[in-house]
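In: sequence and predicted structure are below.
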Amino acid sequence: MVTIVQVTDPVFRGSPAEFTASVTDDKDSQASLSLEWAEFDSQLPNCKWVTPDTWALHYKSTNQDSFGPYEFTADSSAKVCVCARTTDHNGATGIGCSNAITPTNSKPVATIVDVSGVASGQPRPLCSQVHLSAENPNLPTGDQLQFNWTLQYTGSDSRGKSVQLSSCAGVVAAKDAQHRCFNAAGPGDYAVTLLITDSTTSLTSDLANFDVPVSVDTPPCLQRTDPDVYAQRILLSRSADLGGTYQSRTFRVLSVADDCEPYPLPAGSTGTPSQFVWSVLDNTQASPAWTYQTNTSDSFTVSQSLFPNVRPGDTIELRVEVRDTVVQQKLKVSGGLSQACTSDIDICCGGVACGTTNDLCVRWTTWTVQFQP
């Protein structure tokens, strides 16, 4: 005969539970144990052996010479009965069943995971979107769960103080409450908490905490220009006859990397792109000096009409600088490029531009434009 010795108490719905069984036989010292269990309809009066194909939901069996512990999972709150059948080598069968078991709900487990693609604990770039998820296998299924999210910004930036959690784009409606997003508008730490309440059982999870550090603003960096950002000398030719005019050349910024104000802006963005400042050093003048241009677009065209006194072999210097809002505020424009570089190394990065750092960021670049003889 077989006897169900012990079943884990309590049995939580959706969580693994165990039972053990003992077998006695008058002739066989070893009998094979066929384990079979099912979730009973509540109308069944008690646990008794029935033909497995009459069990509504689950049927499992295994043949082993050892007798436990065995694992089963109650998938709903319906009553569970664990039955075991053993057969000895002569074909004799013994059956044993547990008492009816009513699974109970375990309290939900609250976890917060950043699914934004940034490693846990690493600072997020300023202005990036943070996507947090509470999905986990330890949430009760079929119950009404309430997800109570909170966000507290501990930095000092006024933009960060106005940040709020909101629904995440692309998340299906059925799981909307399990996801929350926010835009890291200010540098500093964002503390997120989550509490889950199972409305069916009134059970409440432990409070989950998650900290999101956000970096300070980084200066914008020139990525691609035409001519190349690292090009130095650009030659302008003229028509074959001596009275010909020089060709025009348009210099253009193609892309800028920045945490908040990249160029061009991503599709659908309503933010502000990077700003450009063009300046010229006209070496055709008796006393050349850098002059800021009123043109603040992404391109600047050098033509003979801008330099009517140019002679063959003369050169000018053309510089483009990229600024975001933070850099613009630090420079205050009147400070000028070289003064800002001397006084504030944070906005003077770029190896080529500063010459004092290995930073790969290029804040500005300068081309020498030569009018060919």
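Out: That came in fine, so what should we check first?

In: which residues of the stretch 51-200 of the chain fall in helices?
Out: Counting by DSSP state H, counting those that start in this stretch, the stretch 51-200 of the chain has these helices, from start to end: 158-161.

In: contacting residues for residue 250?
Out: By CB atoms under 8 Å, 6 or more residues apart in numbering, residue 250 lies in contact with 226, 299-302. For every residue, glycine as well, the C-beta is placed using N, CA and C.

In: with residue 124 instead?
Out: 116, 118, 130, 184, 212-215.

In: can you list the contacts of residue 250 in JSON lines and add neighbour count?
Out: Below are the contacts of residue 250 laid out as JSON lines (neighbours: other CB atoms under 10 Å):
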{"residue": "226", "neighbour count": "13"}
{"residue": "299", "neighbour count": "15"}
{"residue": "300", "neighbour count": "21"}
{"residue": "301", "neighbour count": "12"}
{"residue": "302", "neighbour count": "21"}
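
In: from those, which land in strands?
Out: 226, 299-302 (DSSP state E).

In: for stretch 236-255, buried residues please.
Out: For stretch 236-255, the buried set under the neighbour-count rule, 16 or more other CB atoms under 10 Å, comprises 236, 238, 246, 249, 251, 253.

In: which neighbours in the sheet does the longest strand along the chain have, and how are they oriented?
Out: If you go by DSSP E, the chain has its longest strand at strand 188-198. According to DSSP bridges, strand 188-198 forms sheet pairs with strand 145-153 (antiparallel), strand 203-204 (antiparallel), strand 208-214 (antiparallel).

In: low-confidence ranges, the stretch 201-350 of the chain, go.
Out: Applying pLDDT under 70 to the stretch 201-350 of the chain flags residues 240-243, 331-350.

In: strands of that one, residue ranges please.
Out: Using DSSP state E, counting those that start in this stretch, the strands of the stretch 201-350 of the chain run over residues 203-204, 208-214, 221-226, 233-236, 249-257, 275-282, 290-292, 299-302, 315-323.

In: same thing with the stretch 1-150 of the chain?
Out: 2-7, 16-23, 32-39, 63-64, 70-73, 80-87, 93-97, 113-114, 129-133, 145-153.

In: I'd like the strands paired with strand 188-198 as TSV, with distance to residue 361 and mean neighbour count appended.
Out: Listed next are the strands paired with strand 188-198 as TSV, based on distance: least, CB to CB, whole Å; neighbours: other CB atoms under 10 Å:
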stretch	distance to residue 361	mean neighbour count
strand 145-153	27	16
strand 203-204	48	16
strand 208-214	19	17
